[in-house]
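Enquirer: Predicted model and sequence follow; I will ask about them next.
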Amino acid sequence: MLGRLFDSARVEMISVRGWAAMATACAFAAVAPMHAVAGAEATGAAHYQVDAAITQKTGTISSTVTITLPPKDVPDGTAFFIGDWYEITTLTVGGGITTSEGRASKPIAHVRKITLHVPHPLEQPVILRISYHGTLNGPGTDKGEETFTPGRMELRLEDMWLPVRADFAMRFTVDAHFRGIPHDEVVVSQGQYRHIGEALDLQRDYPDFGLPVVAARGLNELATPSVQVYAEDLDSRLVKILSKHAVDAVTYYEKWFGPIPGGPPVRLVVTGRSGSAYARRAFISVGASREELAKNPNYPDYGPASLVAHEFAHAWWSPADPLTDNYWLAESLAEFSSMRYTEQAFGPKILELRLKKKREEAKGAPPILGHGRPTHADLYAKGPLLLFRLQQAIGRQKMDRVLAILGRNPPHVTADFLMVLGQVAGPTAAEEFHQMLER
């Protein structure tokens, strides 16, 4: 719901949905396009070459994805996920690697899992090519959350339209070519792209996980030096709030954490899907259907402001593995940052309103560390509250210094955070905070 979402940022990177039955298995052979290998070697990251055709009448996609994997990214047992309602027509892999297929139930239920069996240490990049086709809307898609609907398409990692490594942590560069995107739909994505006729060519030369692509009829653009906003109605109250606080939050964070990674500008798109939000590098999407807006005409400004501030904070707080207990470094730090922005923009009374709500949400929350991926209450309530307790214990000046250092070299694991905390506030402060995370 929009009201619940805008009260504080509620963003889960993984959405659990029901999927259809598994499709057919495939043959194996070696394929190695030179441009894909060159892209991977140039950045040290994996590289995706995507060639996809969208059929508007049926809402289906036919795609061939060639993935170039550096040897370091292909230990034995490496696996990829894709929605199992897609029928795979060819699957090829080089380097003497074989594959097996199965079903996965965690962290996403009912997806196809393709596992790579590596018989020996690798020295050269591995090329994995998958061709598949199927409907963009998986079984069980809720109304308003469709990947495809006439006049709007939004391709998200969570929709499993693209093969991604099963830990969701692998970042990759992309060259993509899409056919079948109507000329009158406005495209918003990452990197550089060109939409001519029904063809879209896209290049993202910086690594990120997933590939978000929005194509929607009727979007208008509001450009600022730091943020490009796309929405059907730029004069709506919601979009005006989001636009103002997107720009102000970037300014606030850059003074604190350093220049925004991947930008500026950051692209913010507001579409008519049901209310939810997510961030990728230099890209943020907010869903706000007309029905939800009509039901929530009196939401306070600090709600949308807190949401967009949380999402923009992910430009700095995102490297942590989403399937481990280190994920608090992404979500709790982003939420703490948004609350500090709330205080700066709206004053201490509004901050206290958010703190009070989080104290209720955090009741009974389990320890953040030691149990795998933290719970929703851990990530968005208990974690931020512990960070405020830390700020109170060491003082705002030292807290700001800790995050200023980390913002310029974002932490991947909890030990990264504790090391900087120890350097700034002393080893006792680091150990005490570590214990709080374990309680």
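Expert: Nice, I can see it.

Enquirer: which other residues reach the helix or strand V308 falls within?
Expert: Taking DSSP states H and E as the criterion, V308 maps to helix 302-313. Under the contact criterion C-beta atoms under 8 Å, 6 or more residues apart in numbering, helix 302-313 has outside partners 3, 5-9, 11, 238, 241-242, 244-246, 249-250, 253, 260, 266, 268, 277-279, 284, 286, 333-335, 337-339, 341-342, 345-346, 350, 354. Glycine gets a C-beta too; all of them are placed from N, C-alpha and C.

Enquirer: can you check stretch 377-392 too?
Expert: So stretch 377-392 is contacted by 8-10, 327-328, 331-333, 335-336, 339, 355, 358-359, 361-362, 364-366, 368, 374, 399, 421, 429, 433, 436-437 (C-beta under 8 Å, 6+ apart).

Enquirer: For those residues, I'd like a selection string for PyMOL - just the buried members, please.
Expert: In PyMOL, a selection of the buried entries from the contacts of stretch 377-392 looks like this (16 or more other C-beta atoms under 10 Å):
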select buried, resi 8+9+10+327+328+331+332+333+335+336+339+355+358+361+362+365+368+374+399+421+429+433+436+437
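
Enquirer: Which members of the contacts of stretch 377-392 are positioned in helices?
Expert: 328, 331-333, 335-336, 339, 355, 358-359, 361, 399, 421, 429, 433, 436-437 (DSSP state H).

Enquirer: Could you count how many residues lie near P348?
Expert: 10 (other C-beta atoms under 10 Å).

Enquirer: can you check the one 5 residues further on too?
Expert: For L353, the count of nearby residues is 15 (other C-beta under 10 Å).

Enquirer: neighbours around L379, how many?
Expert: Neighbour tally, L379, other C-beta under 10 Å: 23.

Enquirer: Report the separation between it and L333.
Expert: 10 Å (C-beta to C-beta, to the nearest Å).

Enquirer: again with D400
Expert: 13 Å.

Enquirer: Could you do L155 as well?
Expert: From L155 to L333 the distance is 27 Å (C-beta to C-beta).

Enquirer: got it, and P300?
Expert: 24 Å.

Enquirer: The single longest helix found in the chain to helix 302-313, inter-axis angle?
Expert: In the chain, ranked by residue count with DSSP H as the criterion, the top helix is helix 237-257. Interaxial angle, helix 237-257 versus helix 302-313 (axes from the mean of the first three to the mean of the last three C-alpha atoms, to 10 degrees): 50 degrees.

Enquirer: what packs against helix 237-257?
Expert: If you count contacts as 3 or more C-beta pairs under 8 Å, 6 or more residues apart in numbering; DSSP states H and E, helix 237-257 packs onto strand 227-231, strand 266-271, helix 302-313, helix 328-346, helix 396-407.

Enquirer: between the ones you listed, which gets nearest to Y86?
Expert: strand 266-271 (23.5 Å; C-beta to C-beta).

Enquirer: C-terminal to that closest one, what's the next element?
Expert: Assigned by DSSP H and E, the successor of strand 266-271 is strand 277-280.

Enquirer: Any figure for the gap between G347 and P384?
Expert: 18 Å.

Enquirer: and these two? which has more neighbours close in?
Expert: P384 (28 against 11).

Enquirer: isn't there a strand covering the more buried one?
Expert: No - assignment of P384 by DSSP: H, G, I helix; E, B strand; the rest coil gives helix, placing it outside any strand.

Enquirer: just to revisit the earlier point, weed out the non-buried ones from the contacts of helix 302-313.
Expert: The buried subset of those (16+ other C-beta under 10 Å) comprises 5-9, 11, 238, 241-242, 244-246, 249-250, 253, 260, 266, 268, 277-279, 284, 286, 333-335, 337-339, 341-342, 345-346, 350, 354.

Enquirer: With adjacent residues omitted, what lies nearest to Q49?
Expert: T66 (4.2 Å; C-beta to C-beta, 6 or more residues apart in numbering).

Enquirer: what residues go with each domain of the chain?
Expert: Using automatic domain parsing, the domain ranges for the chain come out as 34-214, 220-309, 325-438.

Enquirer: wouldn't D321 be in contact with R165 here?
Expert: No - when contacts are counted by C-beta atoms under 8 Å, D321 is not listed as touching R165 (11.2 Å).

Enquirer: These two: which has the busier surroundings?
Expert: Neighbour comparison, D321 and R165: the larger count goes to R165, with 19 against 16 (by other C-beta under 10 Å).
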